[in-house]
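Novice: predicted model, plus sequence, below.
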Amino acid sequence: MEVLAPSSFKAYAAYLVIAVVVLRLITNRFCRGLAGIPGPAIAKWTRLWKLHSVWKGDHHNTAIDLHRKHGPLVRIGPKHISVGDPTAIPIIYGLNKGFTKTGFYPIQCISWNKKPQMNLFSTRDEMFHREQKRPVANAYSMTSLLELESAVDSCTEIFINQLARFANSKKPVDLGMWLQYYAFDVVGEFTFAKKLGFLQEGKDVDGMIEAIQGMLVYASVCGQIPEAHLLLLGNPLFPLFMPSMETWNQVLNFTLKAINSRASLQRDGELDSEEKPEAGKDMLSRWMAIHASDPEKLSTRDVIVHLSTNVFAGSDTTAIALRAVFYLLLRNPLAMAKLNAEIDNADREGKLSSPISYRESMNHLPYLQAVLKEAMRLHPSVGLILEREVPKGGVTICDRHIPGGTVVGINAWVLHRDVSAFPDPDKFIPERWIDSDPQLLKKMEQSFFAFGAGSRTCIGKNISLIEMHKIIPQLLREFEIRLHSPEKEWKTKNCFYIQTLLLIGSGPGIGVAVASLFAQRHFNNIALFARNPVQLEKDRETVLASAASVKLVVTVRTWQVDIGDLRRLEEALAEADQFGELECVYFNAARVAPSPFFEFPVSGLEEDFKVSNLALYAVAKWAMPLLCAKARTGTDCRPSFLVTSSLLPVDPIPELFSLSMVKAAQANLVKSLHKAFTPQGVHVGLVVVGGVVSSSAPALNPRNIADQAWNLFAQKREDWTGQVTILEDGRVDWEPSI
């Protein structure tokens, strides 16, 4: 019998793996019943397209574009169909239709006694969902919640007083953040009969907002390939190696702390069964009373999981909706004026108390209802499809048979941009909810999907409605609100951030090489500044091609800027501010020309100093606040400010004395920035090129220099060095400080 050599066995094993992968891809691509449904070509082969689309943070916009191109059914994965037709809502989300939630949802649950605990949102088991919802649903009814309206009013009073401080001092305020503080404290009153401290302290208490954002990022991305969760946070060993990633327990601990302020927990984590529950209308009081009377109906586990779900999901979606309302009103002054007039008229007629009640808002402010509906239509809080798995036997959707096991779902962003239901769908037109004919209005209502649909409609819907109907008219009555920087558009992201590189001084050498490499390393946005428009366009095409070579899609924008024209530079920087979340600045601008002693004019010295130093200072002045803010987000980012340098500061060349002089001054400026901003979390460094750059040089070629620039950028914070020097002989020196 022939025995295979180890090398032959490895080769056969490799061929077998390749064959299995290829077979799987082919099976995916030609999946029975789905092959004819249009969509991105790569999405039909692998879920990686969907993963990348969500990872970029703009999947909601991508989904809109795909449906406008392909129609109501779009294949976004091998067995994933995005549906953009309101007639499919009762089919997919209706009662007793047999559709179940997918593996996307169980990722979003807390751990209790070291085991994952499903909640109303995360469970895939419909029977479990019904049993869990039955004893707690009444607490979320409008009638029950309005019994605590006075507690909401107390939150409103604190909020008004805090904003008054900013108004009196004429200082701008991050209203979006304060709206989230308000939403969190209102949830605290509904859930625990206590404020959670966000408004009073004016900060993210215990880092909960940051923790929840991290959880949403993880769940939205990992949920595209749920099996990966078992290797990551779903693996009990993972938090041991990366404890900072275990943010799920942060929500649980926050909840337990709030419970302990009201009720006793025994050492084993159980509620004290002998303790008489307090009489109250908040959810903790209601559910403790149920637990005390019948622990089997609502166990300790159930109480804690429901309360934790409120903490996790209670503030974020409401805050998104509130931000959308205010932003869209501020961007549409006619609508703002109309709403203010409605509030003022109702106030003069004595129809509004102080603070405004929910019933008053509902009964006397019809234009407000239209504004809320239109804002949630134009900017729904959830930007992904609400996935469901088709039951065995399949189903017909949009006249197409969809086989069992397929994942289908509707994205509110897609449905809300349906031109047949919403003429001029991208415009903010509150009047459409008042003036449309009954037939169109009916279709609009059928297409409205901001809170989901069916038995899994958002259980906290009424909490959001109460907050919006009360706080929006109250703030507009108390304050005149304006945008601090009206020339800037707001930036939205779908659960994940976008990395942006700003490259000052693009060109055919180091500049385009750095931009191309960063694009290949998953920077989504590349901004190029240079003087020559022809070269800029060439560089743009080069960067796009570089990204495409590794199957990535990037956005490249160019700005024609003479770096020495500081006014134009500042204008371009203001425009670039709207391009994306800045993560890295690479300054590569310089004037390289002979400067013989006493023949070189003073104006030339001034121009060289402008380009290498004044322009660098202007860019740093603009960029450092953005990079410092990025550093404070706590996300896995590396805010960096890198500058191309040379050996001229230490070994000047007389024939290039002007360049040598300004490069020495530039290195000194970068050293100062390094000392000032490294402690604030911004990596400031020099990329020192030790000779003449040439594409044929073994070490001093643009690609190798770009590689070393990337290595400097990619360093972990504890390993940061302030300078990398690339020499002609191929040596690379790393210096811990500049």
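Specialist: Sure, I can see it. Numbering: from 1, shown residues only.

Novice: count the neighbours of the spatially closest residue to P391 that is not a sequence neighbour for me.
Specialist: The shortest distance from P391 to any non-neighbouring residue, by C-beta to C-beta, 6 or more residues apart in numbering, is to G98 (3.4 Å). (C-beta placed from N, C-alpha, C; glycine too.) Close neighbours of G98, defined as other C-beta atoms under 10 Å, add up to 14.

Novice: before we move on, what about K351?
Specialist: If you count neighbours by other C-beta under 10 Å, K351 ends up with 14.

Novice: and it, helix, strand or coil?
Specialist: Classification of K351 by DSSP: H, G, I helix; E, B strand; the rest coil places it in coil.

Novice: so it sits right up against M362, yeah?
Specialist: No. Counting by C-beta atoms under 8 Å, K351 sits too far from M362 to count as a contact (11.5 Å).

Novice: if we can go back for a sec, any idea of the pLDDT on the residue nearest to P391?
Specialist: G98 carries a pLDDT score of 88 in this model.

Novice: point out where the chain drops to low pLDDT.
Specialist: Counting by pLDDT under 70, the chain contains low-confidence residues at 1-33, 112-114, 238-249, 261-279, 485-499, 551-553, 580, 633-636, 732-738.

Novice: residues in contact with E480?
Specialist: For E480, the contact set (C-beta atoms under 8 Å, 6 or more residues apart in numbering) is empty.

Novice: mind telling me what element it is part of?
Specialist: Assessed by DSSP states H and E, E480 sits outside every helix and strand.

Novice: check the one 4 residues further on too.
Specialist: Counting by DSSP H and E, there is no helix or strand that carries H484.

Novice: how near is R731 to A709?
Specialist: Distance of R731 to A709, given as C-beta to C-beta, to the nearest Å: 16 Å.

Novice: higher neighbour count, those two?
Specialist: Higher neighbour count among R731 and A709: A709, with 26 against 10, using other C-beta under 10 Å.

Novice: report the beta-bridge partners for the closest residue in space to that one that isn't next to it in sequence.
Specialist: Excluding the flanking residues, the one nearest A709 by C-beta to C-beta, 6+ apart is V687, at 4.9 Å. Beta-bridge partners for V687, by DSSP bridges, are T644, V724.

Novice: next, count neighbours for M661.
Specialist: Around M661 sit 18 other residues, with neighbours defined as other C-beta under 10 Å.

Novice: off-centre distance for the host helix or strand of it?
Specialist: Assigned by DSSP H and E, M661 belongs to helix 657-677. Relative to its chain's centre, helix 657-677 lies at 36 Å (C-alpha atoms, centre = their mean, to the nearest Å).

Novice: residues contacting the residue nearest to A709?
Specialist: V687 is in contact with 642-645, 705, 708-709, 712, 723-724, 726, counting by C-beta under 8 Å, 6+ apart.

Novice: ok, back up a step: the helix holding M661 packs against which elements?
Specialist: If you count contacts as 3 or more C-beta pairs under 8 Å, 6 or more residues apart in numbering; DSSP states H and E, helix 657-677 packs onto helix 602-609, helix 615-631, strand 640-646, strand 683-690.

Novice: need those in JSON lines with distance to N168, can you?
Specialist: Below are those laid out as JSON lines (distance: least, C-beta to C-beta, whole Å):
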{"stretch": "helix 602-609", "distance to N168": "44"}
{"stretch": "helix 615-631", "distance to N168": "25"}
{"stretch": "strand 640-646", "distance to N168": "36"}
{"stretch": "strand 683-690", "distance to N168": "38"}
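
Novice: which one of these lies nearest to L536?
Specialist: With C-beta to C-beta as the measure, helix 615-631 is the member of the helices and strands packed on helix 657-677 nearest L536 (16.8 Å).

Novice: can you check what angle separates that closest one from helix 657-677?
Specialist: Relative orientation of helix 615-631 versus helix 657-677 (axes from the mean of the first three to the mean of the last three C-alpha atoms, to 10 degrees): 20 degrees.

Novice: can I get helix 615-631 as PDB, trimmed to CA atoms?
Specialist: Written as PDB, here are the backbone C-alpha positions of helix 615-631 (Å, rounded to 0.1, in the frame of the first residue of the first chain):
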ATOM      1  CA  ALA A 615       0.300  76.000   6.700                       C
ATOM      2  CA  LEU A 616       1.300  73.200   9.100                       C
ATOM      3  CA  TYR A 617       0.200  75.400  12.000                       C
ATOM      4  CA  ALA A 618      -3.100  76.200  10.400                       C
ATOM      5  CA  VAL A 619      -3.800  72.500   9.700                       C
ATOM      6  CA  ALA A 620      -2.900  71.500  13.300                       C
ATOM      7  CA  LYS A 621      -5.100  74.300  14.700                       C
ATOM      8  CA  TRP A 622      -8.000  72.800  12.700                       C
ATOM      9  CA  ALA A 623      -7.200  69.100  13.300                       C
ATOM     10  CA  MET A 624      -6.100  68.800  16.900                       C
ATOM     11  CA  PRO A 625      -9.600  69.500  18.400                       C
ATOM     12  CA  LEU A 626     -11.100  66.800  16.100                       C
ATOM     13  CA  LEU A 627      -8.300  64.300  16.800                       C
ATOM     14  CA  CYS A 628      -8.500  64.900  20.600                       C
ATOM     15  CA  ALA A 629     -12.300  64.400  20.500                       C
ATOM     16  CA  LYS A 630     -11.700  61.200  18.500                       C
ATOM     17  CA  ALA A 631      -9.300  60.000  21.200                       C
END
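
Novice: now L647: closest residue in space, sequence neighbours ignored.
Specialist: Nearest in space to L647, with sequence neighbours left out and distances taken as C-beta to C-beta, 6+ apart, is G690 at 5.2 Å.

Novice: the one you found and I209, how far apart?
Specialist: On the measure of C-beta to C-beta, G690 and I209 end up 47 Å apart.

Novice: and K675, how close does it get to E718?
Specialist: Between K675 and E718 the computed distance is 18 Å (C-beta to C-beta).

Novice: neighbour count winner among those two?
Specialist: Taking neighbours as other C-beta under 10 Å, K675 and E718 compare with K675 leading, 13 against 5.
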